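A.B. asks: Return a 3D structure for these sequence lines:
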Amino acid sequence: MNERIENLREKLRSMDLQGMIITNPINIRYLTNIEAEGVLLITRKENVYITDGRYIDSVNSALTIEDEVIVYNIRELIKEDYENFFIFCENIGFEENYMTYAKYKEYIHKYKINNFEETEGLIEKIRIIKKEEEIECIKKACLITDNCFEYIRKFIKIGMTEKEIAYEIEKYFLENGADGLAFDTIVASGKNSSMPHAVPTHKRIEEGDPITIDMGCKYKGYCSDMTRTVFAGYVPAYVKPVYDLVLKNQLRVLEELKEGANLKIISKGVESEFKLNGVELMHSLGHGVGLEIHEYPYISSKYDFLLKENMVITNEPGIYITNRFGVRIEDTVLVTKDGYESFASIPKDLNSALDPFFLIGST
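C.D. replies: The predicted model follows:
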């Protein structure tokens, strides 16, 4: 028995849904481990995967007997097959965020659906609570990321470009056990660090530059996410109080994390302290991490949500002074019953940000 599909079936029954059409490839992978193109149907009695004949072997190799998924070649199905999948079903769910209006109309007609209902992120909400095997994969991704940072801090030299550093990070991931990148690597130095989602450029590292490095990889499909802000040679006096404020709040958030903690209250606390110091929190304080780099829950004062044990989230306060510099510090952490477990071991204090190995040479 596939426990994830059975859990989904229970949720569907509680919503008076007799089936569901799943089109989000991430959710399909979560439920079945299938990564090939196709559509997953949860019908009254069966789990059905419809795919192109080119992917049949790949799909079958991903499935186990416990999955109880019947695989169909789309080219071998006829009109009556589609109409029979949801026969005698009154209400069928669909993923409104992963279906175009054209597909919505097509599926109503093709499957003879009486009532097609939005499921409002049902599977994504199930994915919030991580199983032990998922947690281990995220831990491994974070360990690879930690090791990469230890490597890159010795690699960087004054005169290197942001692009060179980003390329080396990505190369390290691929050569040291990662499946690939969790997201596009951010290396932003000097004024570029004032942009939260900066794209690496040909700008060269200069003495005194703050350098924000936001990086993450995937291991068995699961993501890591870590940010550190480090400095080229010395910490400018005008940056130090901002760095201290970011770090203070990042550590404060960690101490507040535990099952039952309210994300809205935690976020408001950081926003208030930033405001008292004349700055603002420009983006969410954090987000869930799993098969996607940004998952539920989102840590924001706009989102009233209580943490639960075995959620994996980021904690990433940042301050950005337009056209001058920025500071962001981020860890990926596991929520436990009485606190948290950090998956990042890289130090965050200013002495570590100005490591003696770091940037003492030049290209």
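
A.B. asks: Can you name the residues that contact Met20?
C.D. replies: Leu8, Leu12, Leu41, Ile42, Ile92, Gly93, Phe94, Thr119, Leu122 (C-beta atoms under 8 Å, 6 or more residues apart in numbering). In short, each C-beta sits where N, CA and C put it, glycine included.

A.B. asks: And the strands in the stretch 251-363 of the chain, which stretches?
C.D. replies: Taking DSSP state E, counting those that start in this stretch to define them, one finds strands in the stretch 251-363 of the chain at 286-288, 295-299, 312-315, 318-321, 325-328, 331-335, 340-342.

A.B. asks: in its sheet, what does the second one sit against?
C.D. replies: Strand partners for strand 295-299, identified by DSSP bridges, are recorded as strand 286-288 (antiparallel).

A.B. asks: Relative to the whole chain's centre, how far out is the strand it pairs with?
C.D. replies: Between the centre of strand 286-288 and the centre of its host chain there is 7 Å, according to C-alpha atoms, centre = their mean, to the nearest Å.

A.B. asks: Could you do stretch 314-327 as well?
C.D. replies: Shown here is stretch 314-327, whose average C-alpha point lies 20 Å from the average C-alpha point of the whole chain (C-alpha atoms, centre = their mean).

A.B. asks: just use 44 as the starting number from now, easier for me
C.D. replies: Noted, 44 is the first residue going forward, which turns the last one into stretch 357-370.

A.B. asks: Looking at it now, give me its mean pLDDT.
C.D. replies: Over the span of stretch 357-370, the pLDDT mean works out to 97.

A.B. asks: What residues of that stretch count as buried?
C.D. replies: Of the residues in stretch 357-370, those with enough neighbours to count as buried (16 or more other C-beta atoms under 10 Å) are Thr357, Asn358, Glu359, Pro360, Gly361, Ile362, Tyr363, Phe368, Gly369, Val370.

A.B. asks: before we move on, the earlier item: could you work out the most separated pair of the contacts of Met63?
C.D. replies: Leu84 and Leu165 (15.1 Å; C-beta to C-beta).

A.B. asks: In this structure, where's the longest helix?
C.D. replies: Selection of the longest helix in the chain by residue count, based on DSSP state H, yields helix 175-198.

A.B. asks: got the angle between that one and strand 374-378?
C.D. replies: Taking axes from the mean of the first three to the mean of the last three C-alpha atoms, to 10 degrees, one finds helix 175-198 and strand 374-378 inclined to each other by 160 degrees.

A.B. asks: can you count the residues close to Leu300?
C.D. replies: For Leu300, the count of nearby residues is 23 (other C-beta atoms under 10 Å).

A.B. asks: on that earlier part again, show me what secondary structure element comes after the longest helix of the chain.
C.D. replies: The helix or strand immediately downstream of helix 175-198 is helix 205-218, counting by DSSP states H and E.

A.B. asks: returning to that earlier point: looking at Leu84 and Leu165, which has the bigger crowd around it?
C.D. replies: Each of Leu84 and Leu165 has its neighbours counted (other C-beta under 10 Å); Leu84 has more, 22 against 19.

A.B. asks: does that one belong to a helix or a strand, and which?
C.D. replies: With the criterion set as DSSP H and E, the secondary-structure element containing Leu84 is strand 81-85.

A.B. asks: Over to Phe131?
C.D. replies: Counting by DSSP H and E, there is no helix or strand that carries Phe131.

A.B. asks: quick one on the thing from earlier: the strands of the stretch 294-406 of the chain into CSV, with extra columns for distance to Val322?
C.D. replies: As requested, these are arranged in CSV below (distance: least, C-beta to C-beta, whole Å):
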stretch, distance to Val322
strand 329-331, 18
strand 338-342, 18
strand 355-358, 18
strand 361-364, 5
strand 368-371, 10
strand 374-378, 21
strand 383-385, 25
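
A.B. asks: Kindly tell me how buried Gly331 is, as a neighbour count.
C.D. replies: With neighbours defined by other C-beta under 10 Å, the count for Gly331 comes to 20.

A.B. asks: where are the low-confidence patches of the protein?
C.D. replies: 396-406 (pLDDT under 70).

A.B. asks: Burial check on the closest residue in space to Tyr141 that isn't next to it in sequence, number of neighbours?
C.D. replies: Counting by C-beta to C-beta, 6 or more residues apart in numbering, Asn67 is the residue found nearest to Tyr141 once chain neighbours are left out, at 4.1 Å. By the other C-beta under 10 Å criterion, the neighbourhood of Asn67 contains 17 residues.

A.B. asks: Over to His245?
C.D. replies: The local packing count at His245 equals 8, with neighbours defined by other C-beta under 10 Å.
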